[in-house]
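# What follows is a predicted protein model with its sequence.
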Amino acid sequence: MTTQQTSQWAIDPAHSEITFKVKHLVVTTLTGKFDKFEASVSTHDDQFEQASVQFSADIDSINTGNADRDGHLKSEDFFNAAAFPKLTFAGGSLVGKGDDKFELTGDLTIRDVTQKVTLQVELGGVAVDPWGNTKAGFEITGKISRKSFGLKWDAFTEAGGAVVSDEVKLALNVQLVKQA
């Protein structure tokens with residue numbers, strides 16, 4: 001009988017980015033990101049299948065490249081950073097789909113709303129850096145409805161199009177560092 005070894009991994013914020021994309025005025029796509037975030041992953045025998053994932057991002061660190069827009073996103077109209085300073089994701093169902101592809105299902109909480117979401121995950125590889133640290137790289141994508149999480153602010157153009165779309169595309173590039 002073999003015993004499984006549990007490995008702990010932490011996100012490397014210097015080599016990771018947490019971004020989102022949303023349609024503006026129906027004609028352009030704007031990109032935003034969170035500058036402060038943390039994550040931990042627990043694996044069995046360094047295999048990412050069935051890994052347990054914990055993630056959080058600081059709402060006050062939202063950055064779209066426009067201070068006025070960032071302030072509006074932090075307001076009651078959207079994230080309400082004063083009352084809900086973090087968004088979180090907790091998942092324990094990373095299912096292999098072949099060819100280093102996975103589906104990650106977990107609970108995403110924004111404001112005071114928690115919903116199950118499924119994200120597409122691609123393992124870019126595992127490597128040892130020049131300082132002896134084992135790193136793993138992932139690209140993670142998905143879509144959510146912002147309104148279903150209580151981010152309900154709306155305005156419409158003269159033609160009736162939404163100023164900000166309901167659908168938000170998630171695009172995360174994550175590098176994990178195996179902990180000693």
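Structure received.
# what are the phi and psi values for the closest residue in space to V177 that isn't next to it in sequence?
In this structure, V177 finds its nearest non-sequential neighbour in D12, 5.0 Å apart by C-beta to C-beta, 6 or more residues apart in numbering. Just so you know, the C-beta spots here come from the backbone N, C-alpha and C atoms, and that holds for glycine as well. When read as degrees, to the nearest 10, the backbone of D12 gives phi -100, psi 100.
# so D12 sits right up against K178, yeah?
No: under the criterion of C-beta atoms under 8 Å, D12 makes no contact with K178, lying 10.5 Å away.
# residues shared between the contacts of those two?
Between them, D12 and K178 have K135 as joint contacts when contacts are counted by C-beta atoms under 8 Å, 6 or more residues apart in numbering.
# Run through the protein and note the low-pLDDT ranges.
Scanning the chain for pLDDT under 70 picks out 1-3, 24-27, 153-164.
# residue ranges for the helices of it, please.
Taking DSSP state H as the criterion, the chain carries its helices at 67-74.
# the strands in it, which residues?
6-11, 17-24, 28-34, 37-44, 47-58, 62-63, 86-98, 101-110, 113-128, 134-145, 164-178 (DSSP state E).
# and of those, who's closest to G71?
strand 62-63 (9.5 Å; C-beta to C-beta).
# hmm, back to that, got a list of what the residue nearest to V177 touches?
K135, Q175, L176, V177.
# again with R69
So R69 contacts nothing (C-beta under 8 Å, 6+ apart).
# one step back: can you tell which of the strands of the chain is closest to K152?
strand 164-178 (9.3 Å).
# Neighbouring strands - and their directions - for the closest one?
Strand pairing for strand 164-178, determined by DSSP bridges: strand 6-11 (antiparallel), strand 17-24 (antiparallel), strand 134-145 (antiparallel).
# Just the residues contacting that strand, thanks.
Taking C-beta under 8 Å, 6+ apart as the rule, strand 164-178 contacts 7-12, 15-24, 26, 39, 41, 46, 119, 133-147, 153-155.
# Just the buried subset of those residues, please.
Neighbour counting by 16 or more other C-beta atoms under 10 Å classes 7, 9, 11-12, 16, 18, 20-23, 39, 41, 119, 134-138, 140, 142, 144, 146 among the contacts of strand 164-178 as buried.
# okay, now the residue nearest to K74 when sequence neighbours are not counted: neighbour count?
Closest residue in space to K74, ignoring its immediate chain neighbours: A81 at 4.1 Å, by C-beta to C-beta, 6+ apart. Per other C-beta atoms under 10 Å, the neighbour tally for A81 reads 20.
# Make sure A81 is actually in contact with G71.
No: assessed by C-beta under 8 Å, A81 is found out of contact with G71, at 9.7 Å.
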